[in-house]
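K.L.:
Predicted model, plus sequence, below.
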Amino acid sequence: MKILPLVALTAVLFSSGVALAAERTVTLNVANATCELCGPIVKRSLTRVSGVLDVQVSEADGAAIAKVRYEDSRTNVPALITATTNAGYPSRVVQ
C-alpha cells in the first residue's frame, strides 16, 4: 500500500501543468534602438521578466533584434513586448 501515495503524487504533478511547461523562443524587432546603450537596455528590460531564460540582442539599421528564450508557463510574448515598450523601445514579433 506504500505505492498508492507515490502514484497519487505523480498524478498530481502531471495534472498541475508542471509537465506542460515548455521552453519557447521568439524573435522581436525592437524599434528606436539606435545607439550603443540601447541594446543593453533592451536586454535588461527583457531579462527582468519572470520566466525569461536567455536574451540575445543584435543591432540592425535603426532597430535591434532580440532573440528571447523563455518558459511559456511563466511568461508570454505580450509580456515581453510590454517590457520593451515600457523601456521606450516598442517591439513586434519577427515573422
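P.N.:
Sure, I can see it. Just so you know, these numbers come straight off a predicted model, no measurement behind them.
K.L.:
Tell me who's in contact with Ser91.
P.N.:
Contact partners of Ser91, counting by CB atoms under 8 Å, 6 or more residues apart in numbering, are 28-31, 66, 80-81, 84-85. Just so you know, the C-beta spots here come from the backbone N, C-alpha and C atoms, and that holds for glycine as well.
K.L.:
meant to ask about Ala21, not that
P.N.:
71-74.
K.L.:
which residue ranges form the helices in this structure?
P.N.:
In the chain, helices defined by DSSP state H lie at 3-15, 38-47, 77-86, listed in chain order.
K.L.:
What lies in contact with the last one?
P.N.:
By that I understand helix 77-86. Under the contact criterion CB under 8 Å, 6+ apart, helix 77-86 has outside partners 26, 28, 30, 42, 45-46, 48-49, 52, 66, 68, 70, 90-93.
K.L.:
where's Arg74 relative to Gln95, distance?
P.N.:
24 Å (CB to CB, to the nearest Å).
K.L.:
Could you do Cys35 as well?
P.N.:
Look at Cys35 and Gln95: by CB to CB, they are 26 Å apart.
K.L.:
These two - which one has more neighbours?
P.N.:
Cys35 (9 against 5; other CB atoms under 10 Å).
K.L.:
So, low pLDDT: which residues of the protein?
P.N.:
Across the chain, the ranges flagged by pLDDT under 70 are 1-20.
K.L.:
Recalculate using a threshold of 80.
P.N.:
Within the chain, the ranges that satisfy pLDDT under 80 run 1-21, 60-62.
K.L.:
number of nearby residues for Ala60?
P.N.:
10.
K.L.:
next one: Ser45
P.N.:
Count around Ser45 with other CB under 10 Å applied: 23.
K.L.:
right, and Leu53 touches Arg24 too?
P.N.:
No - if you go by CB atoms under 8 Å, Leu53 and Arg24 don't touch, sitting 9.6 Å apart.
K.L.:
Identify the contacts common to those two.
P.N.:
The contact sets of Leu53 and Arg24 overlap at 69-71 (CB under 8 Å, 6+ apart).
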